[in-house]
Structures are given as C-alpha cells and as structure tokens.
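>>> Provide a 3D model corresponding to the input given below.
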Amino acid sequence: MAINRRQGNMFKRLINLCAFVVCALFFGCASVQTSVQPPGACVFTQIKAPISTKFRSTPVCAKKGEASAQYVYIPCYVPCISFSWDGCDVSQAAKNGNLSKVEYVDYEYLSVLGIFQKTTVTAYGE
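Below you'll find the predicted structure:
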C-alpha cells in the first residue's frame, strides 16, 4: 500500500503537531521565575535558609508564622499529572502567626524524587 503525496503531507503535519504538544506539556512551566531557586537533587533535597542577608540590623524575634505550599507530580504517559495546593507567601505566614510587623523571613524546601515538593515560608516579627 503506497502513501501518496497528500497523505505524506498530512502525516508530517500530524507529527509536527504532536511534537508541539509534547514540548508545550513538558516545557510549559520551565520559565517560571521565583525569588528563591533552591538547588535540586535527584533523590532527596531538604534546604533551610534565610531569604534576607541583612543580619546586622535584624532583631531576634520569638514570634513566628508559617505558610506552606505542596506540589505533587505524577509521571505517567502523556499527559503527565501535576497539581499543587496552598500558598507560601509572606503575607499568609504573617497572618498565620498574627504578626503585625515582619522583621525577617526564612524558607524551607523539601523534595522527594521530584514527585513530592513542599516549600515553607517562615516569617518572624512582632
């Protein structure tokens, strides 16, 4: 059974469309920019670090509030499934700790096999 020219062009268009969809699914979120970019590891990553580096004028505060966001990525055949919930912004952390003034902020990042990720922002203040 021979493929004529018209069928060949349709086949090429279908292949190009599939390649475009695959690229859009796999690389669509690759350009997300954040203020904190933790280094990654393949199996397990846990990092806790300050966001601010101005330590000389920062008072020590005992009162704190936390906010966390979780992300789950389920690798399967096209399309892959991923979802996240909650938010980890500074204003939510301050609200959770009943803080009226935020002095400094830390973050903690946890990743297990790249499948489960959790980011926690901790705000310290009055």
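>>> could you pull out the helices for the protein?
With helices called from DSSP state H, the chain shows them at 5-27, 90-96.
>>> hey, least reliable of the ones you listed by pLDDT?
If you rank those by mean pLDDT, helix 5-27 sits at the bottom with a mean of 68.
>>> so, low pLDDT: which residues of the protein?
Low-confidence segments of the chain (pLDDT under 70): 1-8, 19-41, 77-78.
>>> please redo it, this time with the cut-off set to 90
The chain contains residues with pLDDT under 90 at 1-62, 72-89, 103-104, 111-117.
>>> strands of the protein, start to end?
44-50, 63-74, 81-85, 102-112, 116-125 (DSSP state E).
>>> and the last one, what does it pack onto?
It stands for strand 116-125. Judged by 3 or more C-beta pairs under 8 Å, 6 or more residues apart in numbering; DSSP states H and E, the packing partners of strand 116-125 are strand 63-74, helix 90-96, strand 102-112. Every C-beta, even on glycine, is put in place using the N, C-alpha and C of the backbone.
>>> next one: the shortest one
Judged by 3+ C-beta pairs under 8 Å, 6+ apart, the packing partners of strand 81-85 are strand 63-74.
>>> same check on the first one?
Taking 3+ C-beta pairs under 8 Å, 6+ apart as the contact definition, the neighbouring helices and strands of strand 44-50 are strand 102-112.
>>> neighbouring strands for the strand it packs on, and are they parallel or not?
Using DSSP bridges, the strands paired with strand 102-112 are strand 44-50 (antiparallel), strand 116-125 (antiparallel).
>>> closest to Ser57 out of the strands of the chain?
Nearest of the strands of the chain to Ser57, taken as C-beta to C-beta: strand 102-112 at 9.5 Å.
>>> quick one: distance of that closest one to the chain centre.
Centroid separation for strand 102-112 versus its chain: 13 Å, with C-alpha atoms, centre = their mean, to the nearest Å.
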